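> Sequence isn't available, so here's the structure alone:
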Ligand SMILES: Nc1ncnc2c1ncn2[C@@H]1O[C@H](COP(=O)(O)OP(=O)(O)O)[C@@H](O)[C@H]1O
Ligand SMILES: [Mg+2]
């Protein structure tokens, strides 16, 4: 079974704010470094990839970020236009249908049409070829947060359930086949080792299995505090020291050490809970104390991610 870096389509999912975009960028960078041609596709995201990857601004058109790495920030309007063009095979007909004021209002009102166009576009990118081979070896979807990503990924099945056999069902069938193929696809779950993200991740994993059948990749536990003062001499020393010493320079240090100790202890508790409730291979990424994550911290996360992915037992994510 290929590792996450050798798949065709990886969905990076998780609760809002846990680091999906950061991890997706780190993964994209790692795969490109290993010689893959990678497309990182975001959905309606705040533009941050230029900061994380050091390339051009990433807007609604696919842009080359560096060697073997491209990115796009998909908007429903652009995706709908592109996907509409592909389905209708003519910009004339497209203009007539999609740019018409009344038709446009009508199309926008179709339930799920925005999600449909976003998923259609990202799926289409997995099928693009150039010179007789896939244009991208790996397409990474920096997905929307938990609830929305489930809706998005259920679209192919929803189409197959609702629409009679035709051009739409053909694409929907290939998209569903891709999504459920453990050789080609995986959903990587990003979480923090904290109460709410862990509960939400466990729920997301269950729903993704039951409602979509997407193979679950490794669990990526992000922003772990360093394991300082948790065991060994430093922990014993901290335990022996009084809560306050009255020593002006020592007390702030003690206070910080105790905060670090408590945070890591909390992390350890939730790592344990994840191991029992969601027995997937785990990748652990540290909390990086950088005011604003830029290229260098991102590369550090990327290398740690890569090293751990390559260590995972074969047969898992
Ligand atoms: N490992 C990390 N260390 C430090 N800060 C991080 C780390 N991962 C993410 N962050 C920060 O956390 C915030 C949320 O990350 P982001 O990737 O935008 O999450 P999401 O895409 O899930 O909303 C950002 O400010 C990001 O810089
Ligand atoms: Mg994001």
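Perfect, thanks for sending it. Small disclaimer: the values here were computed from a predicted structure and weren't measured. Ligands and ions are numbered 1, 2, ... in the order given.

> Which residues of the stretch 151-300 of the chain lie near ligand 1?
With CB under 6 Å from any ligand atom as the criterion, the stretch 151-300 of the chain meets ligand 1 at residues 222-223, 285, 287-288, 293. No exception for glycine: its C-beta is placed from N, CA and C like everyone else's.

> Identify the residues contacting residue 153.
For residue 153, the contacting residues are 11, 119, 179, 208, 212, 214, by CB atoms under 8 Å, 6 or more residues apart in numbering.

> Check what pLDDT the fourth one gets.
Okay, so that is residue 208. Residue 208 is assigned a pLDDT of 96 by the prediction.

> Isn't it up against residue 214?
Yes: judged on CB atoms under 8 Å, residue 208 makes contact with residue 214 at a distance of 5.4 Å.

> Need the overlap of contacts for these two.
With CB under 8 Å, 6+ apart as the test, residue 208 and residue 214 both reach 153, 187.

> How about residues contacting stretch 277-295?
Against stretch 277-295 from outside (CB under 8 Å, 6+ apart): 19, 22-23, 26, 51-54, 189, 198, 201-202, 205, 216-226, 271, 274-275, 297, 300-301, 304-305, 308-309, 312-313, 316-317.

> Could you check how far it is from the centre of its chain?
Relative to its parent chain, stretch 277-295 has a centroid offset of 13 Å by CA atoms, centre = their mean, to the nearest Å.

> how about that stretch: buried residues?
Across stretch 277-295, burial judged by 16 or more other CB atoms under 10 Å covers 278, 280-285, 293, 295.

> Stretch 158-173 now?
For stretch 158-173, by 16+ other CB under 10 Å, it's 159, 168, 171-172.

> re earlier: dump the residues of the stretch 151-300 of the chain next to ligand 1 to CSV, plus distance to ligand 2, secondary structure and pLDDT.
Shown next, in CSV, are those (distance: CB to the ion, whole Å; DSSP: H, G, I helix; E, B strand; the rest coil; pLDDT from 0 to 100):
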residue, distance to ligand 2, secondary structure, pLDDT
222, 12, strand, 98
223, 14, strand, 97
285, 15, strand, 98
287, 17, coil, 96
288, 17, coil, 96
293, 12, coil, 94
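
> circling back: out of the contacts of stretch 277-295, which sit inside strands?
Using DSSP state E, 189, 216-224 are the members of the contacts of stretch 277-295 that sit in strands.

> Just the buried ones from those, in PyMOL syntax?
For the buried members of the ones in strands among the contacts of stretch 277-295, the matching PyMOL selection, counting by 16+ other CB under 10 Å, is:
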select buried, resi 189+216+217+218+219+220+221+222+223+224
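
> Quick one: which of the ones in strands among the contacts of stretch 277-295 has the lowest pLDDT value?
residue 217 (93).

> mind checking how far that residue is from residue 7?
As judged by CB to CB, to the nearest Å, residue 217 and residue 7 stand 8 Å apart.

> Same check on residue 119?
17 Å.

> and if you look at residue 290?
Going from residue 290 to residue 7 by CB to CB gives 29 Å.

> and residue 128, what are its phi and psi?
Per-residue torsions, residue 128: phi -60, psi 140 (degrees, to the nearest 10).

> got a pLDDT number for the residue of the chain most remote from its centre?
Largest separation from the mean C-alpha position in the chain: residue 246, at 47.2 Å (CA atoms, centre = their mean). Note on residue 246: pLDDT of 87.
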